[in-house]
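A.B. asks: what's the 3D shape of this:
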Amino acid sequence: MVIIVGNCRPVPLFGKIFPENDYITAENHTEINSADAVVIVDKTADVKITAALAIIVEGDDHFHDFQRGIQLITCGSGHKNTVSITSRTDDKIAVSLNRAIRSKNGIIEPLELPVDFIGGFSEYDYMSAFAASLLLQ
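C.D. replies: Next up is the predicted model:
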């Protein structure tokens, strides 16, 4: 299950670019306590997370108010980010997992995946949908 909190919009990418995933959206002020959930959080969201498989955030800003031990997946252009964009053309975008992560079924090693680029979505939408898809496989 993917829980999307805030104004990010990766949902239309599930089933078109990345595998179909069950999802729900939550208000900007919410509390999440689900060990199987992958939580995609917008920078503006005020969320308390006490249990989750992983939290996906934009950039490498510190993320507060979540339980220790929950996997933090950062998305951005910095060399410390877990997921980044390695190239982009008019019709393709390559997303990259830069270090191993723990999915529902084991460890996912670093990889790069070129996918079709559809206008109207942010790079964070692509990176967060990619990360959520990997975590839930």
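A.B. asks: going forward, measure contacts between C-alpha atoms and count neighbours the same way
C.D. replies: Noted.
A.B. asks: could you pull out the helices for this protein?
C.D. replies: Taking DSSP state H as the test, the helices found in the chain are 123-135.
A.B. asks: where does it have low pLDDT?
C.D. replies: 60-67 (pLDDT under 70).
A.B. asks: let's see that with 80 instead.
C.D. replies: By pLDDT under 80, the low-scoring segments of the chain are 28, 60-68, 79.
A.B. asks: now the strands for it?
C.D. replies: Here the chain has its strands, by DSSP state E, at 2-5, 23-26, 29-33, 38-41, 46-51, 54-58, 71-75, 83-88, 92-97, 101-103, 106-108, 111-116.
A.B. asks: ok, now which residue in the chain is the farthest from the centroid?
C.D. replies: Relative to the mean C-alpha coordinate of the chain, counting by C-alpha atoms, centre = their mean, the farthest residue is residue 90 (22.7 Å).
A.B. asks: sweet, I'm off.
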